[in-house]
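1. sequence first, then the predicted structure:
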Amino acid sequence: MALPPQCEVVEGYLVFRELAHPDVLANHEALFEHTCFIACTNAMRPLGAQQIEVHPFPELDPGEYGYWGGGRFDATDIERFVAEGYVLAEIRLPAQPMGMAIPPGALTERPSEHHPGS
């Protein structure tokens with residue numbers, strides 16, 4: 001299975017770039033389920049809890065476009081996103097290919113709570 005367009009592997013992490021509502025980001029359990037599902041269906045092993053960073057929307061002039069997570073938006077879209085409470089989120093799940101040895105210090109059990117940065 002191919003990674004979704006808003007996801008890529010970067011330096012030991014699956015990185016998801018999403019337009020998300022803070023309520024969705026606050027549901028750490030469901031978010032962990034989703035990111036782990038994507039990891040496992042792509043032969044990646046989750047190695048810990050996800051980390052969440054929120055980024056500001058870019059300031060765009062008329063006719064300019066911004067890109068995030070495989071999507072394109074303009075200034076009018078940003079106004080709507082802000083009015084509806086959405087944010088640009090980067091969700092990072094530590095992961096590695098399943099065939100590799102688990103590195104020392106990596107979590108081997110499901111995290112019981114979110115970690116700093118999330």
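-> Happy to help now that I have it.
2. so residue 54 belongs to a strand, correct?
-> Yes: going by DSSP: H, G, I helix; E, B strand; the rest coil, the assignment for residue 54 places it inside a strand.
3. partner residues bridging it?
-> Note on residue 54: beta-bridge partners by DSSP bridges are residue 89.
4. swap in residue 68?
-> In this structure, residue 68 has beta-bridge partners residue 71, where bridges are defined by DSSP bridges.
5. what's the longest helix in the chain?
-> Ranked by residue count, the top helix of the chain under DSSP state H comes out as helix 28-41.
6. tell me which residues of it come out buried.
-> In terms of neighbour count (16 or more other CB atoms under 10 Å), helix 28-41 has its buried residues at 28, 31, 32, 34, 35, 36, 38, 39. To be clear about C-beta, it is placed using only N, CA and C from the backbone, and glycine gets the same treatment.
7. next up, the contacts around the last one.
-> When contacts are counted by CB atoms under 8 Å, 6 or more residues apart in numbering, residue 39 touches 14, 45, 46, 93, 95.
8. okay, the closest residue to residue 74 other than its chain neighbours: pLDDT?
-> Counting by CB to CB, 6 or more residues apart in numbering, the nearest residue to residue 74 once its immediate chain neighbours are dropped is residue 65, at 5.5 Å. As predicted, residue 65 sits at a pLDDT of 97.
9. got it, and residue 104?
-> With respect to pLDDT, residue 104 has a value of 71.
10. strands along this protein, start to end?
-> Assigned by DSSP state E, the chain shows strands spanning 7-10, 13-20, 44-46, 51-55, 66-68, 71-73, 87-97.
11. gap between the longest helix of the chain and the chain center?
-> Helix 28-41 has its average C-alpha position 10 Å from the chain's average C-alpha position, going by CA atoms, centre = their mean, to the nearest Å.
12. thought residue 92 was touching residue 48?
-> No: using CB atoms under 8 Å as the test, residue 92 is too far from residue 48 to be in contact (9.9 Å).
13. what's the angle from the longest helix of the chain to strand 87-97?
-> Using axes from the mean of the first three to the mean of the last three CA atoms, to 10 degrees, the inter-axis angle of helix 28-41 relative to strand 87-97 is 40 degrees.
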